[in-house]
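Student: A predicted structure for the sequence below; I have some questions about it.
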Amino acid sequence: MWYYSTNGTQHGPFTDKEFLREVNDGLVEPDTLVWNDELNEWREAQNVPGLLAPEGAPLQPGASLREAAEYGMFRNERHWNGSDQPPPTGSTAAQEARYKDSPHYEPSPSLFSFRGRLGRLAHFLQSIAIMAVLFVALAGLTATLLITEELVGGEGLFLLGVAAMVVVYAVAAVLLVFVSIKRLHDLDLSGWFYLVMLIPLASFLFALYMLFAPGTDGPNRYGPAPS
């Protein structure tokens with residue numbers, strides 16, 4: 001199905017035949033935003049290969065539309081919100097109104113949330129911050145434990161200190177998982193892909209991929225592109 005947007009108004013859905021009629025009638029101009037269920041985002045008609053025939057050339061019913069659909073077939077976003085509706089256009093508020101029905105979207109995800117998207121820089125900075133806090137907390141607990149054990153002694157106090165370290169490490173590990181899942185969402189990947197981090201060697205390569213790979217260009221099923 002095809003949609004197009006003019007002056008902030010969305011038109012559609014149209015079948016291939018109906019949309020071709022809109023094109024022939026001149027309602028779809030080169031700078032008109034168009035979308036179908038194989039394109040990964042709204043695009044100007046002139047930037048969709050095969051959609052608009054060169055000036056003076058006859059339109060081939062169906063052929064150009066199939067070519068346009070194939071343009072985005074390897075980055076299919078048709079189920080971005082669990083339906084075949086196109087990604088939203090317009091203001092941030094308008095986009096959020098469309099995403100509110102998605103089980104994967106959260107407008108301002110917290111650190112403890114696994115919903116929404118996180119860009120490369122935010123993922124890197126948050127991961128570094130979590131690791132730094134973990135290091136400082138473990139160093140502080142270790143120093144406190146050694147000093148206290150020397151002054152007071154007792155096996156029970158030592159075990160309590162070790163338990164505190166385990167809790168701090170576990171909290172940091174969970175936070176890193178949440179941050180990584182949101183980064184995977186930015187790549188339009190399910191959070192279950194994080195299980196790759198349990199595989200030796202593959203975990204290192206996958207971590208590099210999450211660190212450097214660009215996120216989805218425009219909206220995907222997990223929400224709009226992070227600002």
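Tutor: Yep, that arrived.
Student: switch to C-alpha atoms for all contacts and neighbour counts from now on
Tutor: Will do.
Student: the bottom helix or strand of this protein by mean pLDDT?
Tutor: helix 63-70 (a mean of 47; mean pLDDT, DSSP states H and E).
Student: touching, residue 186 and residue 123? I think so.
Tutor: No: assessed by CA atoms under 8 Å, residue 186 is found out of contact with residue 123, at 10.1 Å.
Student: compare neighbour counts for the two and give me the winner.
Tutor: Taking other CA atoms under 10 Å, residue 186 and residue 123 do not tie; residue 186 has more neighbours (30 against 21).
Student: against residue 167, how distant is the more buried one?
Tutor: Relative to residue 167, residue 186 is positioned 29 Å away (CA to CA, to the nearest Å).
Student: same question for residue 190.
Tutor: Distance, residue 190 to residue 167, by CA to CA: 27 Å.
Student: try residue 177
Tutor: 15 Å.
Student: who's more crowded, those two?
Tutor: Each of residue 177 and residue 167 has its neighbours counted (other CA under 10 Å); residue 177 has more, 19 against 12.
Student: can I assume that one sits in a helix?
Tutor: Yes: the assignment for residue 177 (DSSP: H, G, I helix; E, B strand; the rest coil) places it in a helix.
Student: contact partners for it?
Tutor: residue 194 (CA atoms under 8 Å, 6 or more residues apart in numbering).
Student: hey, where'd the strands end up in this protein?
Tutor: Taking DSSP state E to define them, one finds strands in the chain at 2-6, 9-14, 33-36, 43-44.
Student: the third one pairs with which strands?
Tutor: Strand pairing for strand 33-36, using DSSP bridges, gives strand 2-6 (antiparallel), strand 43-44 (antiparallel).
Student: could you export that strand as CSV, CA atoms only?
Tutor: C-alpha atoms of strand 33-36 as CSV (Å, rounded to 0.1, in the frame of the first residue of the first chain):
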residue,chain,number,x,y,z
LEU,A,33,6.9,12.7,0.6
VAL,A,34,5.9,9.1,-0.2
TRP,A,35,5.9,5.8,1.7
ASN,A,36,4.9,2.2,1.1
